[in-house]
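Fold the following and give me the result.
(one chain, ligands or ions: 2)
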Amino acid sequence: MRILVIGSGGREHALVWSIAQSKLAKKIFCAPGNGGIARQAECIDIKAEDIPALLDFVKKEKIDFTIVGPEAPLSSGIVDEFNSRKLKIFGPQKKAAQLEASKVFAKELMAKYKVPTADFKVFDNAEEANKYIDKRGVPCVIKADGLAQGKGVVVARTIDEAKQAISSMMQEKIFGAAGNKIIIEDCLEGEEASILVFTDSKDVIPLASAQDHKRVFDNDQGPNTGGMGAYSPAPVVTQGLFKEILDKIIYRTIDGLAKEGIVYQGVLYAGVMITKDGPKALEFNVRFGDPETEAILPRMKSDLLEVMLATSENKLNKIKGLEWDNRSCVCVVCASGGYPGNYEKGKAISGLEEIDKMKDVVVFHSGTKQRKIYDVGQKTEIEYLTNGGRVLGVTGLGNNIKEAIDKTYQAVAKIHFDGMHYRRDIGRRAL
Ligand code: AMP
Ligand code: GLY
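Residues are numbered from 1 along each chain as shown. Ligands and ions are numbered 1, 2, ... in the order given. This next block holds a predicted model:
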């Protein structure tokens with residue numbers, strides 16, 4: 001099959017890397033891809049949001065199956081566009097993608113179908129939101145309704161912080177129209193986990209559990225990022241808890257959507273807080289997590305492409321369940337100096353060839369690009385340069401979480417670029 005993967009992050013590199021191992025894949029393209037993805041796929045210069053150009057490419061290149069990585073094209077309706085032209089694509093339609101694109105939609109659906117989640121109120125007026133804060137007090141969590149690249153959630157510990165968040169979302173409009181409405185909800189305490197499932201709306205096949213590290217610094221300090229590392233499995237999610245999360249969060253949500261006339265096809269990702277009163281849904285994503293995917297897919301022994309095809313063809317019942325490597329997997333993100341704030345690009349990355357020689361380690365690229373270096377003998381060499389905030393996801397497998405951590409950090413120690421920083425405690429919580 002001829003495959004197109006849409007996106008340019010570590011998640012897409014992990015998807016491409018995994019699909020490249022499928023006997024069904026003959027040729028893989030990635031739009032726009034990155035320096036590392038170019039090792040397994042032909043990268044094409046089309047942005048993930050440019051749906052007309054992607055459609056043209058798919059027709060011209062006779063692509064058999066398209067896989068969407070990020071949320072933006074999903075919430076703009078790329079799947080609806082492909083479906084109406086009978087082009088095969090993996091991901092939910094626009095209506096289903098509201099689960100991520102509108103937190104108000106997601107919370108109201110959860111309330112209606114009794115999915116356990118933090119108690120909440122919706123506001124479309126800053127003055128009323130402020131009055132409510134005075135009445136209810138803190139801590140509380142303020143969330144912009146729309147997409148805000150993972151930055152639209154503020155856990156407020158003081159009244160000032162809460163009001164500042166309301167003002168920047170609703171009055172300064174730092175996220176544009178995404179802040180027209182906000183949610184104010186109870187602050188939940190506990191351990192977080194990411195539960196991802198494949199579903200075609202009838203059947204559900206879970207992936208292995210994972211845990212993400214959102215804050216930039218060790219011990220969960222500093223601002224939120226897109227994710228600084230992940231590990232799989234998440235030991236906090238025992239078998240009993242996994243089943244409870246599937247029953248109370250995943251099935252109720254998919255069935256609730258179906259009752260609203262919305263068919264969900266693709267990967268559904270629930271961010272869950274394991275509280276002392278049981279698991280509660282924090283949020284939904286309508287796509288694979290990043291960096292969770294980098295920690296999950298190296299453990300997947302089943303053919304990813306086969307499962308994705310079955311999902312999009314409504315034939316998930318033909319898949320007998322997924323096979324997993326029992327070992328643990330850890331992914332440590334190496335980021336540019338300054339990230340998640342401003343950072344420079346174009347720094348040369350060294351050490352990658354040394355990691356190529358290591359067993360059970362793979363480096364997924366996020367923000368990188370290739371540069372060809374021509375020497376006088378006309379031989380070319382490829383150099384990798386930084387090209388984004390999150391640069392690399394160094395990923396290692398071990399017989400247990402400790403071995404996976406050690407292996408991964410041995411590999412991280414070989415990587416260097418100007419300004420590089422990373423967390424030194426990824427996975428430590430699981431020990
Ligand atoms: P989200 O962008 O919705 O994934 O939220 C980002 C992060 O904010 C989550 O991973 C949690 O760490 C935190 N968060 C979101 N909602 C709550 C809540 N109700 N209570 C405590 N923390 C929360
Ligand atoms: N790892 C969080 C996300 O993918 O949104």
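
From now on I want contacts and neighbour counts done on CA atoms only, so please keep to that.
Will do.

Show me where this structure has its helices.
Along the chain, the stretches classed as helices by DSSP state H are 10-19, 51-60, 71-75, 78-84, 94-101, 103-112, 126-136, 159-166, 239-245, 252-259, 292-296, 304-312, 352-356, 401-412.

Mean pLDDT added to those helices, as a markdown table?
Formatted as a markdown table, these follow (pLDDT from 0 to 100):
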| stretch | mean pLDDT |
| --- | --- |
| helix 10-19 | 98 |
| helix 51-60 | 98 |
| helix 71-75 | 98 |
| helix 78-84 | 98 |
| helix 94-101 | 98 |
| helix 103-112 | 98 |
| helix 126-136 | 98 |
| helix 159-166 | 98 |
| helix 239-245 | 98 |
| helix 252-259 | 98 |
| helix 292-296 | 98 |
| helix 304-312 | 98 |
| helix 352-356 | 96 |
| helix 401-412 | 98 |
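
Put together a markdown table for these, with distance to K173 and mean neighbour count on each row.
Below are these laid out as a markdown table (distance: least, CA to CA, whole Å; neighbours: other CA atoms under 10 Å):
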| stretch | distance to K173 | mean neighbour count |
| --- | --- | --- |
| helix 10-19 | 29 | 26 |
| helix 51-60 | 27 | 15 |
| helix 71-75 | 19 | 22 |
| helix 78-84 | 27 | 18 |
| helix 94-101 | 17 | 23 |
| helix 103-112 | 17 | 19 |
| helix 126-136 | 11 | 15 |
| helix 159-166 | 10 | 20 |
| helix 239-245 | 35 | 14 |
| helix 252-259 | 30 | 19 |
| helix 292-296 | 30 | 30 |
| helix 304-312 | 37 | 21 |
| helix 352-356 | 41 | 14 |
| helix 401-412 | 39 | 21 |
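
can you list the ones you listed in a markdown table and add distance to Y269?
A markdown table is the format used below for the helices of the chain (distance: least, CA to CA, whole Å):
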| stretch | distance to Y269 |
| --- | --- |
| helix 10-19 | 14 |
| helix 51-60 | 24 |
| helix 71-75 | 12 |
| helix 78-84 | 18 |
| helix 94-101 | 10 |
| helix 103-112 | 13 |
| helix 126-136 | 29 |
| helix 159-166 | 26 |
| helix 239-245 | 12 |
| helix 252-259 | 11 |
| helix 292-296 | 10 |
| helix 304-312 | 15 |
| helix 352-356 | 31 |
| helix 401-412 | 23 |
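
Among those, which comes closest to ligand 2?
helix 292-296 (5.9 Å; CA to the nearest ligand atom).

The most centrally placed residue in the chain and F364, how far apart?
Centroid-nearest residue in the chain, with CA atoms, centre = their mean: G289, separated by 2.0 Å. Per CA to CA, to the nearest Å, G289 is found 14 Å from F364.

and for these two, which residues touch both?
R11 (CA atoms under 8 Å, 6 or more residues apart in numbering).

which residues of this protein score low on pLDDT?
Judged against pLDDT under 70, the chain has no low-scoring part.

Nearest to ligand 2: which residue in it?
Closest point on the chain to ligand 2, by CA to the nearest ligand atom, is G289, at 3.3 Å.

List the contacts of that residue.
Here G289 is in contact with 11, 269 (CA under 8 Å, 6+ apart).

for E383, same thing?
348-349, 370-373.

Run through the bridge partners of it.
R371 (DSSP bridges).

so how far is A411 from it?
E383 is 18 Å from A411, by CA to CA.

so what's E185 closest to, chain neighbours aside?
F120 (4.1 Å; CA to CA, 6 or more residues apart in numbering).

just checking, that neighbour touches I182?
No. Using CA atoms under 8 Å, F120 makes no contact with I182, being 10.2 Å away.
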